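Novice: can you look at this prediction? I've put the sequence above it.
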Amino acid sequence: MKKLTMALGLAVSLTAGQTAWAEDDLTMKVYKSPSCGCCGDWVDHMEENGFEVDVTDTNNMNQVKMDAGLNPQLASCHTAFVGDYVIEGHVPAADVRRLMEEQPNAHGLSAPGMPMGSPGMDIGDRKDHYQVLLFNEAGQTRVFAEHN
């Protein structure tokens with residue numbers, strides 16, 4: 001399904017039919033609960049980091065997550081789509097940019113739960129250590145980044 005191209009010792013993975021990510025292609029679709037303030041703060045974080053964000057408020061987030069192919073262990077409060085990827089929860093903008101630059105064979109990124117100190121959850125001085133997970137369509141994961 002993925003094609004591996006080697007050039008000057010650098011491996012670049014692209015999905016069949018997928019083109020390399022362009023820095024100016026920072027459009028993201030976000031689904032969130034209309035009453036969730038931390039989701040709005042995460043959207044602000046993404047916009048402050050150059051993403052153009054289209055937000056849809058919905059009271060049926062479980063259906064959005066099921067349609068996105070997320071298993072419950074990866075769930076957080078909001079679900080976003082950028083390029084061919086799903087972004088679940090309070091994933092930092094830098095991790096989304098890295099995902100788009102590297103284009104790994106994956107379904108998306110998740111910051112499961114609602115880790116304190118993550119973008120949108122930066123309330124007070126508390127900063128929990130948390131991991132951003134790269135996951136495939138089968139729900140298998142590996143650590144993509146660690147924070148705090």
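Specialist: Received the coordinates, thanks. Note that the structure is predicted; figures quoted are calculated from it, not measured.
Novice: buried sites along the longest helix anywhere in the chain?
Specialist: Taking DSSP state H as the criterion, the chain has its longest helix at helix 37-48. By 16 or more other Cβ atoms under 10 Å, the buried positions in helix 37-48 come out as 38, 39, 40, 42, 43, 45, 46. No exception for glycine: its C-beta is placed from N, CA and C like everyone else's.
Novice: going by distance to residue 32, which of those residues wins?
Specialist: Residue 32 has its nearest neighbour among the buried residues of helix 37-48 in residue 39, at 3.8 Å by Cβ to Cβ.
Novice: quick check: closest non-adjacent residue to that closest one.
Specialist: Nearest non-adjacent residue to residue 39, counting by Cβ to Cβ, 6 or more residues apart in numbering: residue 32, 3.8 Å away.
Novice: which residue is the nearest non-sequential neighbour of the residue most central in space within the chain?
Specialist: Centroid-nearest residue in the chain: residue 87, 2.4 Å away (criterion: Cα atoms, centre = their mean). Nearest residue to residue 87, sequence neighbours excluded (Cβ to Cβ, 6+ apart): residue 80, at 4.1 Å.
Novice: contacts for the helix or strand harbouring that neighbour, please.
Specialist: According to DSSP states H and E, residue 80 maps onto strand 79-82. Identification of contacts with strand 79-82 by Cβ atoms under 8 Å, 6 or more residues apart in numbering yields 26-32, 46, 51, 53, 61, 64-65, 68, 70, 86-88, 96, 100.
Novice: so what's residue 100 up against?
Specialist: 21, 25, 82, 83, 85.
Novice: same question for residue 89.
Specialist: Residue 89 makes contact with 75, 76, 77, 78, 110, 111, 112, 113, 114, 118, according to Cβ under 8 Å, 6+ apart.
Novice: tell me, how many neighbours does the closest residue to it other than its chain neighbours end up with?
Specialist: Nearest in space to residue 89, with sequence neighbours left out and distances taken as Cβ to Cβ, 6+ apart, is residue 76 at 2.6 Å. By the criterion of other Cβ atoms under 10 Å, residue 76 has 25 neighbours.
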